[in-house]
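Student: got a structure for you, letters missing:
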């Protein structure tokens, strides 16, 4: 359940702040789960998102969690090509969750 909630949060986040990164969601979720998940890993992910986008998952996660409204965002993400198995576009900003530092040029471009 926690991994699926993270996936929903990331889809909503990237749909709002950078739809071109929707293709990265499965990789981020996989890395999160491989590292054991939990509050510490979620905070590390949020820190990375704040570094690049000046906001984190709390900006898109409703207080009561996800429900019918989120299914609409997931459908929009699917229509935009999320889950199509394509590789991310060049210039991708990496996160600590993916084991690399965020290149300065990518962070500046994302801002």
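Tutor: Alright, I've got the coordinates. Just so it is clear, the structure is predicted and the values come from calculations on it, not from any experiment.
Student: just checking, what packs against the helix or strand containing residue 3?
Tutor: Mapping residue 3 onto the secondary structure by DSSP states H and E places it in helix 2-17. In terms of contacts (3 or more C-beta pairs under 8 Å, 6 or more residues apart in numbering; DSSP states H and E), helix 2-17 is packed against helix 25-34, helix 38-53, helix 68-79. Every residue, glycine included, has its C-beta placed from N, CA and C.
Student: helices or strands next to the first one in the packing?
Tutor: Applying 3+ C-beta pairs under 8 Å, 6+ apart, one finds that helix 25-34 makes contact with helix 2-17, helix 38-53.
Student: nearest residue to residue 49 other than its sequence neighbours?
Tutor: Leaving out its chain neighbours, the residue that sits closest to residue 49 by C-beta to C-beta, 6 or more residues apart in numbering is residue 56, at 4.5 Å.
Student: what do you get for residue 60?
Tutor: Residue 60's closest residue in space is residue 12 (C-beta to C-beta, 6+ apart), at 4.1 Å.
Student: Equivalent analysis for residue 35, please.
Tutor: Looking at residue 35 with C-beta to C-beta, 6+ apart, the closest residue is residue 41, at 5.1 Å.
Student: again with residue 13
Tutor: residue 60 (4.8 Å).
Student: What of residue 33?
Tutor: Counting by C-beta to C-beta, 6+ apart, the nearest residue to residue 33 once its immediate chain neighbours are dropped is residue 3, at 5.3 Å.
Student: residues touching that neighbour, list them.
Tutor: 29, 32-33, 37 (C-beta atoms under 8 Å, 6 or more residues apart in numbering).
Student: For ChimeraX, write the selection for the buried entries among those residues.
Tutor: Buried residues within the contacts of residue 3, as defined by 16 or more other C-beta atoms under 10 Å, are selected in ChimeraX through the command that follows:
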select :29,32
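Student: can I get the contacts of residue 3 in a markdown table with pLDDT and distance to residue 16?
Tutor: Formatted as a markdown table, these follow (pLDDT from 0 to 100; distance: C-beta to C-beta, whole Å):
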| residue | pLDDT | distance to residue 16 |
| --- | --- | --- |
| 29 | 94 | 17 |
| 32 | 92 | 19 |
| 33 | 91 | 23 |
| 37 | 89 | 23 |
